[in-house]
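*Asks:* pasting a predicted model and its sequence here:
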Amino acid sequence: MTLGLVSEGVHMGVPVAAMPYFNQAQGSQPAVARSIADLRSQGVHFLDGPDGYQTHPPKQGNPQAFPRHLALDAVGAIVSPAP
């Protein structure tokens, strides 16, 4: 359902930001890089690396440490860009 909202929203002109939560093994799949590139090419502000979520080793994730504030800041910047 979440991907459906992203794919519909981006084609309706709705600003979209996405920040994943997955481990390094999942992120190393070639389909992930292609999907991220596709989302970015459609205007999705995808937050990863130093600007968002950095992947963790398998089975070592810490959901409590997920940087939600970065996602909220990104949404705020997209919805209300600085003058």
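*Replies:* Sure, I can see it. Numbers count the residues shown, from 1 in each chain.
*Asks:* from here on, just use CA atoms for contacts and neighbour counts.
*Replies:* Noted.
*Asks:* which secondary structure element is home to residue 34?
*Replies:* Using DSSP states H and E, residue 34 sits within helix 30-41.
*Asks:* what's whichever helix or strand comes after that helix in contact with?
*Replies:* Per DSSP H and E, helix 30-41 leads on to strand 45-46 as the next helix or strand towards the C-terminus. With Cα atoms under 8 Å, 6 or more residues apart in numbering as the test, strand 45-46 has contacts from 16, 17, 18, 19, 36, 39, 40, 74.
*Asks:* at 7 Å what do you get?
*Replies:* Here strand 45-46 makes contact (Cα atoms under 7 Å, 6 or more residues apart in numbering) with 16, 17, 18, 19, 40.
*Asks:* neighbours of the closest residue to residue 39 other than its chain neighbours, how many?
*Replies:* Leaving out its chain neighbours, the residue that sits closest to residue 39 by Cα to Cα, 6 or more residues apart in numbering is residue 46, at 7.4 Å. Neighbour count for residue 46, taken as other Cα atoms under 10 Å: 20.
*Asks:* what's across from residue 46 in the sheet?
*Replies:* Applying DSSP bridges to residue 46 gives these bridge partners: residue 18.
*Asks:* tell me the mean pLDDT for the helix holding residue 34?
*Replies:* The average pLDDT for helix 30-41 rounds to 91.
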